[in-house]
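Novice: pasting the sequence and the predicted coordinates here, then a few questions.
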Amino acid sequence: MYGRPRPGDTGPVIAHTADLAPARLHEIRALLDAAFDGEFGDEDWEHGLGGLHVLVDDDAGLAAHGSVIMRRARHRDRWLRVGYVENVGVRPDARRKGLGGRVMAELEGIVDRAYDLGALSASDEGARLYEARGWQCWAGRIGALGPAGVVRLPEEEGSTYVRPALAGPLDAAHELLFDWRDGDVL
């Protein structure tokens, strides 16, 4: 089942970007624009495409969304497959009903089964949800491997959260070095 629940289904729908109709993608983008109160740009949107989406509908339409895409991060001498959580949002009138937690539970299951590590960049408001779910604020340095080499990202330190999945414990004495992408790197 891709993009829409079956009649009577109350569970989240999981679908790859490629399986979502243009109208459904437009619906997701509109939800995220509303959820982030106009602070959601085209690059933010692009960062959440190309992976798996978790969607929750209610009687008024799409109520909550999140996606997980694959990235790479080097920690110590090993490159890890990272399930990077993006574009988690709940429609403003549907908040405080547990929908963000339902979306995150599905995303965490994907991360735990398929990736070495889960990671995300959290707003102050979002951080409460992630911390309550066991995500840990990364205490070490963060960087990215950019076109001109390694770039330190001190502005991401303190707002990047990790969920060690298959990789096991990480050592904050060693940086996390993420792959580069346009816009906000993390």
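Specialist: Sure, I can see it. Residues are numbered from 1 along each chain as shown.
Novice: backbone dihedrals for residue 157, please?
Specialist: phi -70, psi 130 (degrees, to the nearest 10).
Novice: given the strand ranked longest in the chain, what are its sheet partners and their directions?
Specialist: Assignment by DSSP state E gives strand 61-75 as the longest strand of the chain. Partners of strand 61-75 in the sheet, by DSSP bridges, are strand 52-58 (antiparallel), strand 78-90 (antiparallel), strand 176-179 (antiparallel).
Novice: which one of these lies closest to residue 105?
Specialist: For the strands paired with strand 61-75, the distance to residue 105 is smallest for strand 52-58, at 8.8 Å, taking C-beta to C-beta. From N, CA and C alone the C-beta is placed, and that goes for glycine too.
Novice: let's see the closest one as PDB, backbone CA atoms only.
Specialist: Output in PDB follows, covering the C-alpha atoms of strand 52-58 (Å, rounded to 0.1, in the frame of the first residue of the first chain):
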ATOM      1  CA  LEU A  52      10.900   6.300   2.900                       C
ATOM      2  CA  HIS A  53       8.100   8.500   4.100                       C
ATOM      3  CA  VAL A  54       5.700   7.800   7.000                       C
ATOM      4  CA  LEU A  55       2.300   9.500   6.600                       C
ATOM      5  CA  VAL A  56      -0.600   9.600   9.000                       C
ATOM      6  CA  ASP A  57      -4.000  10.700   7.800                       C
ATOM      7  CA  ASP A  58      -7.000  11.800   9.800                       C
END
